[in-house]
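# Next input, structure requested:
(chains A, B, C, D and E, ligands or ions: 4)
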Amino acid sequence: CAQEVVKVGLILPMTGPSASTGRQIEAGARLWMAQNGSTVAGKKIELIIKDDTGAADQSKRLATELVVNDKVAFLGGFGLTPLALSVGPVATQAKVPAVIMAAGTSTIVASSPYFVRTSFTLPQNTAPMAQWSAANGIKTVVTLVSDYGPGLDSEKAFKAEFEAKGGKVLESLRAPLMNPEFAAFLQKAKDLKPDALFLFVPSGQGASLMKQVGERELAKSGIKIIGTGDVTDDDQLNGMGDALIGMITSHNYSAAHDSPENKAYVAAFLKANNNMRPNFMSVGGFDGMAAIYKALEKTKGDTDGTKLVEAMKGLAWVSPRGPMSIDPATRDVTQNVYVREVKKVDGQLYNVEFATIANVKGSN
Amino acid sequence: MSDLLQLENIAAGYGEAQVLQNISFSLKEGEALALLGRNGTGKTTLINTIIGLTRRRNGTIHLAGADITKMRADQRAMAGIGWVPQERNIFRSLTVEENITAVATSGPWTLARIYQMFPRLAERKRNLGTQLSGGEQQMLAVGRALALNPRVLLLDEPLEGLAPIIVDELLAAIRRIVVEERMAAIIVEQSARKILPLTERAIILDRGTIVHEGPSPELAEDAVRLANIMGIAGTPGAH
Amino acid sequence: MSPRILLESRDLVKRFGGITATDHVTFSLPEGARHALIGPNGAGKTTFINLLSGVLTPTSGEIFLDGANVTHWSARKRAHAGLARTFQINQLFADLTPIETLMLTIAEREGEGSSWWRPVGARTDFVDEAVALLAQLGISDIAHARVGQLAYGKQRLLEIAVALAQKPKVLLLDEPAAGVPEHEREQILDVVAALPKDVALILIEHDMHLVFRFAKSISVLVNGGLFVEGTPDEIANDPRVRQVYLGEEEVHV
Amino acid sequence: MSNITSPSPEAMRARAVLLGRSRWGVAEIIFWILAVACYWLFPTKLSLLSEIAILGLVALSVDLVLGYAGIVTLGQGAFFGIGAYAAGLAAKFGMGTSLWSDPVIGLFIGGGVAAVIGFATSFLVLRGSDMTRLMVTLGVALIVDEVVNQMKWLTGGSDGLQGVLPSAVLGIWEFDLFGRVAFVYSLVVLFVLFVIARALVKSPFGLSLQAIKGNMLRTRAIGMPVNARLVAVYTVAAFYAGVAGALAAQTTQFASPDYVAFHRSADAMLMLVFGGAGHLYGGLLGSIIFRTMQDVLGNITPQYWQFWLGVTLVALVLFVRGGILGLLDNMLAAWRRKGGAS
Amino acid sequence: MLTILLDGIAYGMLLFILAVGLCVTLGLMNFINLAHGTFAMAGGYLTITLMQKAGVPFLLCLPAAFIFAAALGLVLERTLYRHLYDKTHLDQVLFSIGLVFISIAMVDYAYGANQQIVNLPDYLTGRFSFLGASIGVYRVFVIAICGLLVVSLQLALTMTRFGSRLRAAVDDGRVARGMGIDVTRIFAVTFAVGSGLAGLGGALGTGIISFDPTFPLKYMIYFLIVISVGGTTTITGPFLAAILLGVADVAGKYYVPAVGGFIIYTIMVVVLIVRPQGLFARAAAK
Ligand SMILES: Nc1ncnc2c1ncn2[C@@H]1O[C@H](COP(=O)(O)OP(=O)(O)OP(=O)(O)O)[C@@H](O)[C@H]1O
Ligand SMILES: Nc1ncnc2c1ncn2[C@@H]1O[C@H](COP(=O)(O)OP(=O)(O)OP(=O)(O)O)[C@@H](O)[C@H]1O
Ligand SMILES: [Mg+2]
Ligand SMILES: [Mg+2]
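Ligands and ions are numbered 1, 2, ... in the order given. Next comes the predicted model:
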């Protein structure tokens, strides 16, 4: 007999500069389906992947087509903030829940009542770093972030939290988003002689940045290198070289997270993806599918968008990243954030977690 | 058997268009041939076919007994064909001297000898190709062809734009080269009276075929006949 | 009363680096002139024309067109003031047809070049004029062919047709007959000679037959400077001219 | 002798030939009928179709500058983006009520602002070789991109301009989720601007652009104000690109820095050359085929569609002269030959 | 102060080393080869593969990258590029962008979309002091190689007949053939050298930047800026332009961060308006 199909449309950058984000999310989502079957509440789940190349008008058009033509019950994906924002009106108008699996600017979720987030926000991931720094003898910091929404979010969150705790941000540097060369900024940071340099660049640019950080021997001149986990992205960390050992970052996910759920996750992921290591983007996709499945279970297969969003509010489960939940008030993700140190484990570099700040809200 | 250049049954043109049909003639060492014909009758096309820059559809070309029909233009040039294109085509980003040295091969025609023939070029040797007067470009085109030390010289309207005094000198020089160095030459000219005295034979083209072939002196003497063959209303050279 | 001077240069100098291509040339051209400019290759004839027509700017000196100082005018402005020229090396629009080329020139002359709502053929008077010009030069047959694919000689004729289409007051012809077969050369000059009597003409040419048939006065340029000026008779019989330029050439005046 | 004679046969023929060029051909009429028919033929693809219409308009604008006047430009994306932001801001601050958020007025705002900037920067492209112009236009576009990024307070920076809510078209047709209104609206705007462009290029003005492309020296010598013409066409093209940008902002209801980005300009140029430059329809065909291929391939293989697109581009250049239009020409010629032979 | 200058020069050298091959194909051959980055990427990925998979020493990877990219260039030139010399610049743009798309997808297929990094050998990392300023060893290494390349290429082009034969072939290939110049061979050799240099640039680039499949597009603008500001008639032009751009960019971002992003583009536009042929083009060339 014909089983009723529920379609999930993921709009991801599969080509272009953010392609690795799309690949990780797709792999995470597929892994969830492989582990949990493709039937929920008697309905068959079908995944549709669309490439928006990282261009917002494409995201919007694809969202419209998925809603109008494919009649998807869920939208998902969204590699960058503007891509998510452009889809907001479509989700609102069509009353289709849209699960944000990557984009990290805090304001997105508020822009449509149908947005739900399973990734993270930058303030969420940044503030713990500031708290840890203030508590560990760091008095002065220079921040260096990519000059775009999430970077500024991160810069603001760090400064607010750090100065509230008595520290001082000497200078806030912003590097153009598309920039291969950080020499001027790093030299400036070095000349200011802070206790630590805080870094944020989007997933994918960490390698270039850290290469130049290493070359400039900032650590040797007594400057501690700290940042968000985007910089020490698991996807690339291993190739970045031993110079990174000792770097402290805070983030919501590490492939080295010590839990049975994560061990199983990493092992299955590596196997299914030709030894590509899962990063924080992949769990965004994995948990995004988790939220979709759990919501459908709750509505018993009812695909009414409004009911599905209601069902997602307050969902809580244990993810490979640790415990997480969807804040019923904001529809944003609440999760643990970990402070980690880059270490060599079994000959490979990992972000080894050593402190946990529990239940940090995504936005309020 | 001493034919230096021999064309047999050549048909050629550009792209889809065929311009020449049934062209056969030959040229001996040390012989100068006048190639005459009205505007657009295919003189340039014939010259270009010999050097290998048109689309050949039929026929063969031999140079000193060797079949060069299948050779590329640059191979033909190296085999001994020198070319003065109608529009001169000086290499514009090369200096006068580079225009000559870039194509030169060893032989009697050295840079010094070319400068001696055209002192004007020596004075302008650092000018770029585009920074020459029309006549200077023409001299350079001739000099450049000589620098190849060819066995056959193809001159497509070489006198165009030269001052009368230079025309006299150049014609005398070509004469000398042909006679003394046994170089063969095909000279395309609009004005028959200038080159008939200089050449042994003349070919007249019309609509892509040879309509007359014969000794030059005969034609030179018989202005009426020349006019008839070429289909010219007025009588050239008469005042 | 002396005739109106249409074109004049005063102490005109043009240097290219170390080369003085035009050397203090002071020259005037009256209404109705039929003037020839001759001289050895590289004497500076084309450069002089380029200065007059505004393609080059002089190093020093002044140029007057119909009384106005045009030294710093653009080529375009001079063309509008009635100065036309042909180029020694064809300067045509390879992708257009001869008729289009002439339509364009006529439209520009009549200040209609920027009209953008009417199609090109709408002004039938322009079309008729262009067609007549082509007929006058004997190239009606190629009116609709692509200029780039024409034989050299035909392009040469079109080059002249374009200058004529400008209905100039002063026309500068730089070796107009080069590449044109002998028997058609006279035809060109006949067309040129048929221009209104008050149009002033300068002809550069190395074909002495044409020069002496056409010119009422001749200047000889050598090494950038004016060497001699005179009637055709005087020039033909000047031994210095024979020495630097004419050589053995027979000249029939 | 009097000149009042009836025109010669040659003159009659020349008149016919010249005027014939501006007459609407059968193929053209079929093209536009098909364009309209798309509304019923592909009801599920209307948002893609309106995007194609908008891209076609940008390609048309590049054609005016590049195909006709011969100015190689990689900067048309800047005008597209400027138009998008101008119209987007007008709609945003019009709040869906006042005249400012009327889409048609938005088009004029977008096109107008782009035209002003186009006019101001046109002076930069009057000189130089292909390469120079390519880089100058690109440089201007990159600077505009950077300005949009920096003026966060106005443009929303890299997050894009949100809350663009244009009111109903002419106060009657609301933009719907299916993209019906968007498609019809975009197609109508494209058609109107196309008809104007068509008149433009068939006029003496258009002919003079082709002449400038062919030979500057001669155009100056016949007294043509070359610079004024180039400035004019560059400004008009900027207006076109600005209108296209405004359309994009209105139909997608946002604007992002991506609208100004380098790849917009590059795509517009690619589509034009792909279709065949210098024929008006080249840009339209190019955007239709290029975008459709991208969409179809992207659905088949979201990761590797670029490969097949690349293969198509390479093959097209190697085997055909003059893009898709050239290909059509060849096919038509071959068909005629066969027809004649049989 | 001096450090900033040195950093700027080093950044300029990075731009130059990535663009030098383009000076040859675009600059000398007048071929708008937007696929230049593809050859650089070939050199870069070869280096990455050799070092990561086969443990080949970095210094050996450099010549290997040159040879690999040159061979790739030669093959593509013989099969594809040679059909495009007499086509318009626009056709060349379309064609080479097509190649870029193909190469992006192929590298993505083989290596995945994520960034690839190599770690330099120890003797090339670290810094040393120079007149009180400190500079990375690797950057000095790159500067030295660039200097060497510029001098040898410039000599090869101006002192040998190859240079003038090449320019003749570019000016008018048809007539050059008729003058006995083997245009086909000259173009093939030159294209191979240009591609090889691109590959070498890519290999050297691995020491500073990371590679992903979008590399050819991401850096395209930078290549083009260097070439257009420097002018296309010489090798030294782009070399000096790269230094100028590098120093201006680094200094700008250091001293006036607010406008740092505009500097390179503004310099380019201003230079091209004042000197459309490029800052250091041969004055006489048209
Ligand atoms: N590139 C080309 N493509 C197509 N046809 C051409 C081409 N070049 C010349 N033709 C045609 O070939 C024919 C012969 O031209 P060609 O140049 O050989 O004549 P010609 O005798 O040298 O004339 P001229 O005295 O004007 O130099 C002409 O009808 C011309 O239109
Ligand atoms: N751009 C330039 N740079 C340097 N020298 C130049 C330039 N243009 C022309 N010349 C030189 O100026 C001199 C005059 O050239 P011009 O073209 O005026 O001569 P011409 O009298 O027209 O000669 P011809 O009868 O051969 O056409 C020539 O010697 C030429 O080499
Ligand atoms: Mg000829
Ligand atoms: Mg001259």
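# how about the helices in chain B?
Read by DSSP state H, chain B holds these helices, from start to end of the chain: B:43-51, B:73-80, B:96-101, B:111-117, B:119-123, B:134-147, B:164-181, B:192-195, B:216-221, B:223-230.
# what packs against the second one?
So that's helix B:73-80. helix B:43-51, strand B:55-63, helix E:173-178 (3 or more CB pairs under 8 Å, 6 or more residues apart in numbering or on different chains; DSSP states H and E). In short, each C-beta sits where N, CA and C put it, glycine included.
# closest one to ligand 2 among these?
Between ligand 2 and the helices and strands packed on helix B:73-80, the tightest spacing by CB to the nearest ligand atom is seen for helix E:173-178, at 20.0 Å.
# Lowest average pLDDT across the helices of chain B?
For the helices of chain B, mean pLDDT drops lowest on helix B:223-230, to a mean of 73.
# mind listing what the closest residue to B:Ala147 other than its chain neighbours touches?
Once flanking residues are discounted, B:Ala147 sits nearest to B:Ala104: 4.1 Å by CB to CB, 6 or more residues apart in numbering or on different chains. Counting by CB atoms under 8 Å, 6 or more residues apart in numbering or on different chains, B:Ala104 makes contact with B:Thr110, B:Leu111, B:Ala147, B:Leu148, B:Asn149.
# Check for me that A:Gln335 belongs to a helix.
No. Counting by DSSP: H, G, I helix; E, B strand; the rest coil, A:Gln335 is located in no helix; its state is strand.
# Identify the residues contacting it.
A:Phe120, A:Gln124, A:Asn252, A:Ser319, A:Arg321, A:Gly322, A:Pro323, A:Met324, A:Ser325, A:Asn359, A:Val360, A:Gly362.
# Can you tell me the SS state at the residue of the stretch 201-342 of chain D found nearest ligand 1?
Evaluated by CB to the nearest ligand atom, the stretch 201-342 of chain D has D:Arg321 as its residue closest to ligand 1, separated by 14.5 Å. On the three-state scheme (three-state DSSP), D:Arg321 is labelled coil.
# same thing with E:Asn33?
In the three-state summary, E:Asn33 is assigned as coil, counting by three-state DSSP.
# So for it, what's the nearest residue that isn't a sequence neighbour?
Take E:Asn33 and drop its neighbours on the chain: the residue closest to it by CB to CB, 6+ apart is E:Thr25, 4.4 Å away.
# For the one you found, the count of nearby residues, please.
Here the neighbour count serves as a burial measure; for E:Thr25 (other CB atoms under 10 Å in any protein chain shown) it reads 28.
# now swap in the one 5 residues further on and tell me
Residues within reach of E:Asn30, counting by other CB under 10 Å, total 19.
# if I look at it, how far off is ligand 3?
In this structure, E:Asn30 lies at 28 Å from ligand 3, with CB to the ion, to the nearest Å as the measure.
# Grab the nearest non-local neighbour of that residue.
Across the structure, with CB to CB, 6+ apart as the measure, the residue nearest E:Asn30 apart from its sequence neighbours is E:Val170 (5.1 Å).
# give me the element the one you found is part of.
Taking DSSP states H and E as the definition, E:Val170 sits inside helix E:161-171.
# same for that helix, what does it pack against?
With 3+ CB pairs under 8 Å, 6+ apart as the test, helix E:161-171 has helix B:96-101, helix E:137-159, helix E:173-178, helix E:183-205 packed against it.
# that older thread, the residue of the stretch 201-342 of chain D closest to ligand 1 - how many residues pack around it?
Here the count is done by other CB under 10 Å, and D:Arg321 has 15 residues near it.
# check contacts around it.
With contacts defined as CB under 8 Å, 6+ apart, D:Arg321 is in contact with E:Lys87.
# Switch the helices and strands packed on helix B:73-80 over to TSV; also include mean neighbour count.
As requested, the helices and strands packed on helix B:73-80 are exported to TSV (neighbours: other CB atoms under 10 Å in any protein chain shown):
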stretch	mean neighbour count
helix B:43-51	24
strand B:55-63	17
helix E:173-178	23
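# TSV for those, including distance to C:Arg242?
Putting the helices and strands packed on helix B:73-80 into TSV (distance: least, CB to CB, whole Å) gives the following:
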stretch	distance to C:Arg242
helix B:43-51	32
strand B:55-63	42
helix E:173-178	36
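# What is the burial count for E:Tyr85?
Counted with other CB under 10 Å, the burial measure for E:Tyr85 works out to 18 neighbours.
# cool, and D:Ala237?
For D:Ala237, the count of nearby residues is 29 (other CB under 10 Å).
# count of neighbours near A:Leu170?
Other residues near A:Leu170 number 16, with proximity taken as other CB under 10 Å.
# same thing with the one 3 residues further on?
For A:Leu173, the count of nearby residues is 25 (other CB under 10 Å).
# Quickly list what it is bridged to.
A:Leu144 (DSSP bridges).
# before we move on, the earlier item: show me which of the helices and strands packed on helix E:161-171 has the highest average neighbour count.
Looking across those with neighbours counted as mean count of other CB atoms under 10 Å in any protein chain shown, the highest average goes to helix E:183-205: a mean of 25.
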